[in-house]
Structures are given as structure tokens and as C-alpha cells.
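Asks: Here's my sequence, what's the structure:
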Amino acid sequence: MSKKQKKMLARILAGGALFLAAELAPVEGVARLLVFLVPYFVVGWDVLWRAVRNIAHGQVFDENFLMALATVGALALGQYDEASGVMLFYQVGELFQSYAVGRSRQSIAALMDIRPDSANLERDGEIEEVDPDDVAIGDVIVIRPGEKIPLDGQVLEGSSSIDTAALTGESMPRMVEPGGEVISGCVNLTGLLRVRVSREFGDSTVSRILDLVENSSEKKARTEAFITRFARWYTPIVVIAAAALAFIPPLFVGDFRGWITSALTFLVISCPCALVISIPLSFFGGIGGASRCGILVKGGNYLEALAKLDTVVFDKTGTLTRGTFEVVQVAPQPGVSQEDLLLTAALAEQYSNHPISQSLRRACGGELAAERARDVEEIAGRGVRAMVDGQEVLVGNARLLEDHGLRVPGCSEAGTLVYVARSGACLGYIRIADQLKPTAAEAIGRLKQLGVRRTVMLTGDSETAAKAAAAPLALDEIHAGLLPADKVQHVEDLLETKAPGGQLAFVGDGVNDAPVLSRADVGVAMGALGSDAAIEAADVVLMDDDPAKIALAVEIARRTLRIARQNIVFALGVKGIFLLLGVLRMATMWGAVFADVGVAIIAILNAMRALKVPRKDT
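Replies: Below you'll find the model as predicted:
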């Protein structure tokens, strides 16, 4: 418990002891009022103060006002023990709510316990422990075995296995070696690492992820927004209804005192605590449970949308496939050598970070003379144009060469074809192959089991390569040879044909697919262990690039929504029954306490189940 919660517990225990003493005290009349006022004020003075303060600020209708009005009214009617008892149990319920919310926040903080406390900065051969905020880009830090990685950077010396569980939910560590990248939030397991910092702490992966999780509550689900609107209207309505119950029936049947007592009981029953606390807590827990599995959801609204998925659209490269291309065939035209074809392509592509460009440079091997390529221009969706050794070179897909009036040779084998032309003549093509991710087929199958109606692949790759990749996946539709604008148009068309009330998700790598991720109802990005583009562009980020996590995200979302709806039905149902009993003068003040505090505690316990999502190694 926090210090504040411990103080509240002490007040409740003291109030409870004083309440029992007052019950046993052999006094009547004013003396009885005075002995019950002691526990009443010990436990409930802050409720009365908040009610008065809120009224002064124009915020009349809230649970503090309801409890103050009901208990002060009970005191005025001589129901001293009921007034003190109701305030005591109301504060018990408030303490439990505070504790439950605190535990949920602590659980999420523990799951996301990736914020580093310090960094070992290397200065003039000495190691100095500093705050991560004091480390600049380009500084060298030392990370010992067992320490959290405090900042993003590149490994200069050492090799080690890295525990990424806090980011991905996966138990399998990954290896890093000199030249490799490490990101903050992971744990160095085995070896000493010297790392050159590439990003300040405020812009680091750990800071961005923590900020995302902490601010996720700002984007409320429709269910949460409904509860907020409901509470705004509900409280004044029940106050008016209680006033009507107190003063209208006695005009016809008499017994003003009895009807006022019923009205006060009605007010206690009507407190909306169970709904106001448990529904946001359900979504907060669902987001926390998802983060434990390496799924970052930017708000309850996206969690709700995931629960209603009707159509899931996938990019191919880096999403369903590994995105690690390898050259499998070099096919030059007559009179052109394989070495010349490959070197020309690699020189033109040497400034690009695209996976295909990287595979061309790897296949070429050795150092490339950067000065041989000039005036490099990337043409979106087609390839690259550059001046290599003073001659115009085109490297890209068939469209690029056809746009320049060149014919390209065909190829019936699966893979991505990269055509190369120089000085207006086609030199041949290079075939590059990609591999499906091990869980791609499982991802599609689980989505279909969950009732997703359509699964679609959109890719800029050739139709042959797209069909080869899609063959084992049982996708419903495949659209190949698309430019970025074409993908947006296809998503627009799919949005027009989705089922009523259904949602469309686009799953991409977060780098090249930002326009489509933004246009979909839910943009899901492969996080590549925290890539900036993924975290910025998408609504949901899969930190370990595992497509099977999409189905897990849907399951978590549906479970969260189910828990929230259970709480709504349960709370409104029980309160409705007790309100009716209150109108019929069959409910006591003690029954009202159960209808308020008891229902709230049960609903909160149910809401906390949303946090307990089992970690799955998928």
C-alpha cells in the first residue's frame, strides 16, 4: 500500500473500533448522536469536505454528494448507526478501489520495468556511473552482464546474448556482436559490451515505449466514453428521482419520514462507483496484459477495434516474410558477365537501406567505390536511377525499365526480379528470394478461427513472387505489383466492403507503409524491437515482428471487452434490482451498502482479470 492508503486503512480501523464502541454504549438521545458522530467524522470527514468543495466549484452531482446527502439525512432522521455504518463501508470500498487501481498500475510498471537507473559512461579510460539523461549521442557506454541496456546504440566491442522479454514477451535471447544494434530496455545476459550511443535517452526506445503505455488511457474506447457520458447524466437523474420518492408518495399515502428514509437508501444504492472505476480499469488491464506479451496498444479505442476485426490486410515483405533477401540467381544478357551485372546493380543501390539493396551489396562483396555512383534518385515503387561511371543506370522492377522504353526478359521462377539497364540497354536481371516467417501460416489460421472474414495480401512485388509466398498461407485475396498509392486505394476499397460494425486492420513494417497504416481502422506495425517508424505510424506495435501475435492481440481485446460488458450488465442489473426494492420500501440502508460497495468490489476484482494474460511463446 501507498502511504496515503495506509493512513486511510488506519482511519477505517479506528472508525470501525469507535463504531463498535458506539453500538455498545448504553446511551440514548443526544448522547447517542454524539457517540456515533465520532466514528462518522473520523472515517468520513474527507467525503463531506469533497462534497462541499465540489459544490463550490459547480460540480454538484458526484458520489461524494450522494453519500453526504444520504448519511446527513440519516443522521437527521435519527438513524445514527446506519449513517456511520454506511460511511464506514463506503470508505472500505473506496480504499479497495484505490488499492486495486494501484496494484494494476504497479503490475504494468513491473511488466514494463525497463527504465534504466544509470549508465556506465566511459571517459578518458575511466568508467563513471551517470544518469542516462546525461549521456550524449556518440558517447561510449559499458554494459556489464546482468545490467539493463540504458540507451540505444551500436556495439563496438564484445558479444553477448540479450534478454528482450520486457519488450517482446519472448523468453528466447538473441545474440549481438560488434557492429550490431542494441536497444534500451533489454538486459545484457552474458558478455561485457562497449556501445556507442546513437540516441539520447529522451528519444530512446525505452522512453518512447513507456510514454506510449502511460498515455494509452487518453484514447478511450467507445465503452469507456459511454460510461463517462452515462455517469454525467445518471447522477442528477437519480437525485431527482430520490427527491420525487421523498416528497410525492407522502402527498397521497402519508408517512413522510418513511419515504424520506427510502429516498436516502435509494441515493446510497445509486452510487455509480462500480461502473466508473471498473470499466476503465478493465481496458487499462487489457493494455497492460498485451504489453506483457510484447504487444503495445496505443489506447482502449484500438483495443475495442481489434475485438471487432472483420478484415486483416497484410503487407508481404517484412510482415509475412522475413525481409532478409538473398540473391539466388544472376541472369545477364548475352555479352554481359555476371560480375558486371551484379556490380553495376550494387553500385547504384549502395545508398539505399531497402532490404533488396542490402542483399545486392552482400552478394557483390567487398568495399564499393562510392565515388563511382553520382546523382542517385530513388523512384517510389519502381527502383533507383543513378549515374555510374558517367553512364545512366536503372535498377528496379519491370515497370522502371518499361517506363524508359526498354523490354525486359521474363522469368517463370518464384522470387523478386531486379532488372538492370545501362545506357539504354537491358543488362539482365537478378532474382532475389525471401522466406516466409515460421509463424505466418499459423497467424492466418488463428485469425480465421477467431472469425476474421477476409485475409488479404498487398505487395509491390511481382505476381509470381506474391503467389509463391502466399501459396502456403490460404489467404483470401492477393494483389501484387502495387505502388504505395495503389495500396491505399485497395484499402479504401476493402473498407467499403467490410461487414457492418466490423473493423479493418492493416499489418505492415511501419517504414514504407505509413499512409496505409494511417488509413486503416487499426494500423498494426512490426516493431523490429522498437523501430521509430513503427511506434509513430501504427496504433498497435508488435515488438518482436511475430505475425502470430495479431491473433493473440485479438484474443486479449475480446477478453477485455467481455470483462467490461460483464461489469456493465452485473452492476446495472444489481443496482436496478435494489433501486426497485428501494422504491418499494423493501431495501434497508445495509442492503444499500451491498448494492454500492459490494457490487463495486466484485466488479473491480473481475476487471483485474484483464491484466492477467498468460505469456505465450508463439
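
Asks: Next SSE downstream of the longest helix along the chain?
Replies: When the chain is scanned for its longest helix (criterion: DSSP state H), the result is helix 549-583. Using DSSP states H and E, the helix or strand that follows helix 549-583 in sequence is helix 589-593.

Asks: Please point out which parts of the top strand by length along the chain sit buried.
Replies: If you go by DSSP state E, the chain has its longest strand at strand 425-433. When burial is assessed from 16 or more other CB atoms under 10 Å, strand 425-433 yields the following buried residues: Cys426, Leu427, Gly428, Tyr429, Ile430, Arg431, Ile432, Ala433. Glycine gets a C-beta too; all of them are placed from N, C-alpha and C.

Asks: which among those residues gets closest to Leu342?
Replies: Lowest distance from Leu342 to these (CB to CB) belongs to Ile430, with 6.6 Å.

Asks: Just say helix, strand or coil for the residue lying closest to the closest one once chain neighbours are set aside.
Replies: Using CB to CB, 6 or more residues apart in numbering and skipping residues adjacent in sequence, the residue nearest Ile430 is Val418, 4.6 Å away. Recorded secondary structure, Val418: strand (DSSP: H, G, I helix; E, B strand; the rest coil).

Asks: what residues are up against Val418?
Replies: Contacts here follow CB atoms under 8 Å, 6 or more residues apart in numbering; on that basis Val418 touches Ala345, Ile356, Leu360, Gly383, Val395, Gly396, Asn397, Tyr429, Ile430, Arg431, Ile432.

Asks: Could you report the distance from it to His479?
Replies: If you measure Val418 against His479 using CB to CB, to the nearest Å, the figure is 21 Å.

Asks: Can you point out the buried residues in stretch 371-387?
Replies: Arg372, Ala373, Val376, Glu378, Gly381, Arg382, Gly383, Val384, Arg385, Ala386.

Asks: show me what contacts Leu341?
Replies: Applying CB under 8 Å, 6+ apart to Leu341 gives the contacts Val330, Pro332, Val420, Leu427, Gly428, Ile430.

Asks: mind running it again at 6 Å?
Replies: Taking CB atoms under 6 Å, 6 or more residues apart in numbering, we find Leu341 in contact with Val330, Pro332, Val420, Leu427, Gly428.

Asks: so what's the nearest residue to the second one once chain neighbours are set aside bridging to?
Replies: Closest residue in space to Pro332, ignoring its immediate chain neighbours: Gly428 at 3.9 Å, by CB to CB, 6+ apart. As for beta bridges, Gly428 partners with Pro332, Val420 under DSSP bridges.

Asks: Kindly state the pLDDT recorded for Gly428?
Replies: Note on Gly428: pLDDT of 91.

Asks: which stretches of the stretch 501-618 of the chain have low pLDDT?
Replies: Counting by pLDDT under 70, the stretch 501-618 of the chain contains low-confidence residues at 510-512, 528-537, 613-618.

Asks: returning to what we had before: out of the contacts of Val418, the closest to Cys293 would be?
Replies: Cys293 has its nearest neighbour among the contacts of Val418 in Ile356, at 31.6 Å by CB to CB.

Asks: separation between the closest one and Leu347?
Replies: Using CB to CB, one gets 15 Å for the distance from Ile356 to Leu347.

Asks: Which parts of the strand or helix carrying Asp493 count as buried, going by neighbours?
Replies: With elements taken from DSSP H and E, the one containing Asp493 is helix 484-497. In terms of neighbour count (16+ other CB under 10 Å), helix 484-497 has its buried residues at Lys487, Val488, His490, Val491, Leu494, Leu495.

Asks: What of stretch 384-399?
Replies: Buried-residue list, stretch 384-399, by 16+ other CB under 10 Å: Val384, Arg385, Ala386, Val388, Val393, Leu394, Val395, Gly396, Asn397, Ala398, Arg399.

Asks: Stretch 357-364 now?
Replies: In stretch 357-364, residues buried by neighbour count (16+ other CB under 10 Å) are Ser357, Gln358, Ser359, Leu360, Arg361, Ala363, Cys364.

Asks: pLDDT averaged over whichever strand or helix holds the first one - what is it?
Replies: Here Ser357 sits within helix 355-364, counting by DSSP H and E. Here helix 355-364 scores 82 as its mean pLDDT.

Asks: I'd like the distance between Gly254 and Ile556.
Replies: Here the distance between Gly254 and Ile556 works out to 57 Å (CB to CB).

Asks: Neighbour count: those two, which is higher?
Replies: The neighbour count for Gly254 versus Ile556, taken as other CB atoms under 10 Å, is higher for Ile556 (25 against 10).

Asks: Helices along the stretch 351-500 of the chain, start to end?
Replies: Ranges of helices in the stretch 351-500 of the chain, per DSSP state H, counting those that start in this stretch, are 355-364, 398-403, 440-449, 463-470, 484-497.

Asks: The stretch 151-300 of the chain now?
Replies: Listed in chain order, the helices found in the stretch 151-300 of the chain under DSSP H, counting those that start in this stretch are 165-168, 205-214, 222-247, 249-253, 256-270, 273-292, 300-306.

Asks: and of those, who's closest to Glu82?
Replies: helix 256-270 (8.8 Å).

Asks: List the buried residues for the closest one?
Replies: Applying a neighbour-count criterion of 16+ other CB under 10 Å, the buried positions in helix 256-270 are Trp259, Ile260, Thr261, Ser262, Ala263, Leu264, Thr265, Phe266, Leu267, Val268, Ile269, Ser270.

Asks: Would you reformat those residues as CSV and include distance to Ile563 and pLDDT?
Replies: Written out in CSV, the entries for the buried residues of helix 256-270 read as follows (distance: CB to CB, whole Å; pLDDT from 0 to 100):
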residue, distance to Ile563, pLDDT
Trp259, 38, 87
Ile260, 38, 86
Thr261, 36, 83
Ser262, 34, 85
Ala263, 34, 83
Leu264, 33, 82
Thr265, 30, 81
Phe266, 29, 83
Leu267, 28, 77
Val268, 26, 75
Ile269, 24, 78
Ser270, 23, 75
